[in-house]
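> Task: produce atomic coordinates for the following.
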Amino acid sequence: MLNEMFANSPIPVLEQLVNFAQSRHNVLASNVANIDTPGYRTRDLSTDQFQAKLKSAIEERDSGGVSSLGQGGLAGGESIKYDPFAKVRDDMNNILYHDQSNVGLEQQVAAMTKNHMQHNLALTILNSQFRMLQTAVSERA
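All right, here's what the predicted structure looks like:
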């Protein structure tokens, strides 16, 4: 029931954005840690591919593409709901690419800072969504 309540809210989108930012931060931090390693090539997660997959999942959700899986459902008449954001979550491991250029420390720190700001923005919006839900549940303004 809770999954259905949150399905059409921005919460699943923000969740995917936070997960991506955390994964990208780990990759960028690894680049900084190995900046002086001979022969090391910088790596990054493709933000373009992530955004395309996330956009596709949002469009699928908004077009009514969320359907029940399985005809028989589970015992007790329950059915498993199709989650379009599962594709985004599952494909996150496949969007790593290796940069063939040797990027300097300044570029890596700038990328980490931008990623950190996006992560914090997503968390702030997610926090406000939960505060609005809490207000609605407690019936206080």
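
> How about the contacts made by the residue most central in space within the chain?
For the chain, Q16 is the residue whose C-alpha lies nearest the centre (C-alpha atoms, centre = their mean; 2.0 Å). Residues in contact with Q16 (C-beta atoms under 8 Å, 6 or more residues apart in numbering) are L54, A57, F85, V88, R89. C-betas here are computed from N, CA, C, even on glycine.

> By neighbours, which of those residues wins?
Of all those, the most densely surrounded is V88 (26 neighbours; neighbours counted as other C-beta atoms under 10 Å).

> which helices and strands does the helix or strand S56 falls within pack with?
Using DSSP states H and E, S56 sits in helix 47-62. Helix 47-62 is packed against helix 11-33, helix 85-91, with contacts defined by 3 or more C-beta pairs under 8 Å, 6 or more residues apart in numbering; DSSP states H and E.

> can you put those in TSV and add distance to H116 and mean pLDDT?
Output for the helices and strands packed on helix 47-62, formatted as TSV (distance: least, C-beta to C-beta, whole Å; pLDDT from 0 to 100):
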stretch	distance to H116	mean pLDDT
helix 11-33	7	92
helix 85-91	21	69
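
> Switch those over to a markdown table; also include distance to T135.
What follows is these, written out as a markdown table (distance: least, C-beta to C-beta, whole Å):
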| stretch | distance to T135 |
| --- | --- |
| helix 11-33 | 15 |
| helix 85-91 | 25 |
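
> Which one, of those, ends up nearest to L133?
helix 11-33 (8.8 Å; C-beta to C-beta).

> what's the spacing between the closest one and its chain's center?
Put simply, helix 11-33 sits 8 Å off its chain's centre (C-alpha atoms, centre = their mean, to the nearest Å).

> Buried residues, the following helix or strand past it. List them.
Following helix 11-33 in sequence order, the next helix or strand is strand 43-45 (DSSP H and E). For strand 43-45, the buried set under the neighbour-count rule, 16 or more other C-beta atoms under 10 Å, comprises D44, L45.
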